[in-house]
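In: Turn this into a structure:
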Amino acid sequence: MYEMTQMHEHAINNLRYIREAMERASAFTSIPGWGGVWVGITALGAAVLAQRVVYRREWLYIWLGEAVLAALIAGWTMARKARRANVSFTGAPARRFFMSYFAPLVAAAMLTLLLARFGFRGAMPATWLLLYGASFVTSGAFSIRVVPVMGVCFMLLGIAACFVPLAPANVLLGLGFGVLHVVFGFIIARSYGG
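Out: Next comes the predicted model:
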């Protein structure tokens, strides 16, 4: 009887170990390709609108509004794709993905508040592109291969934005949040579904 109990506990421990190893090894695959395309389209519109008021306070309001709209589109399309694929947002891969994704975005939000408080709008495009790119580089370790590549592209645009005035930096925002989202959204939709 004692040997049976030991064998049973050993088997349960082995199964637990295998399940945890599989969770650690699996990637979060519910990145929405078509959602990325729509985010890119709205960002291109925001870039065009913002270019008209680039040196006024409205520039910041346009981009903040775009950030909220993009978050709603991405959240809705990600939840939809996860539901269709029966992927949980509470599983280990999703938790690791979201933790590494949101940390740089929280930093970007706090830096935006700080930069806005002191009137440093010119530093915002580089901050946004660099930290948004960093969010994809870090979360890409727990996702599909194309995600960190997209992050590096955002970071390269962010580096360029460090060295130009606000008007050309706004164009770089359009290239990043607009064009990169459209291009990588199509790649993700075609290669990884929806």
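In: So for the chain, the centremost residue is which one?
Out: Residue closest to the average C-alpha location in the chain (Cα atoms, centre = their mean): F136, at 5.1 Å.
In: Provide a list of residues in contact with it.
Out: For F136, the contact set (Cβ atoms under 8 Å, 6 or more residues apart in numbering) comprises 101, 147-148, 150-151, 154. Backbone N, C-alpha and C define where each C-beta goes, glycine included.
In: so which of those residues is the most crowded?
Out: For the contacts of F136, neighbours were counted by other Cβ atoms under 10 Å; the highest total belongs to F154, with 26 neighbours.
In: That residue against G176, yeah?
Out: Yes: in this structure F154 lies within contact range of G176 using Cβ atoms under 8 Å: 5.2 Å.
In: So which of the contacts of F136 belong to helices?
Out: Counting by DSSP state H, these place 101, 147-148, 150-151, 154 in helices.
In: with these in mind, which one is nearest to A47?
Out: For these, the residue nearest A47 by Cβ to Cβ is F154; the value is 14.4 Å.
In: Leaving out sequence neighbours, find the closest residue to the closest one.
Out: G133 (3.1 Å; Cβ to Cβ, 6 or more residues apart in numbering).
In: pretty sure I159 contacts L130?
Out: Yes: taking contact to mean Cβ under 8 Å, the distance of 7.2 Å between I159 and L130 places them in contact.
In: Please identify which of the two sits among more neighbours.
Out: Here I159 and L130 are set side by side on neighbour count (other Cβ under 10 Å), and the busier one is L130, at 22 against 14.
In: what helices or strands is the longest helix along the chain leaning on?
Out: Secondary structure of the chain read by DSSP H shows that its longest helix is helix 58-85. Taking 3 or more Cβ pairs under 8 Å, 6 or more residues apart in numbering; DSSP states H and E as the contact definition, the neighbouring helices and strands of helix 58-85 are helix 33-52, helix 92-117, helix 124-139, helix 166-173.
In: can you give me the angle that helix makes with helix 33-52?
Out: Direction vectors for helix 58-85 and helix 33-52, defined by axes from the mean of the first three to the mean of the last three Cα atoms, to 10 degrees, enclose an angle of 180 degrees.
In: Could you check the angle helix 58-85 makes with helix 92-117?
Out: Put simply, helix 58-85 runs at 170 degrees to helix 92-117, going by the same axes, to 10 degrees.
In: Helix 58-85: which residues count as buried?
Out: Going by neighbour count (16 or more other Cβ atoms under 10 Å), the buried part of helix 58-85 is 59-60, 62-63, 66-67, 69-70, 73-74, 77-78, 81-82.
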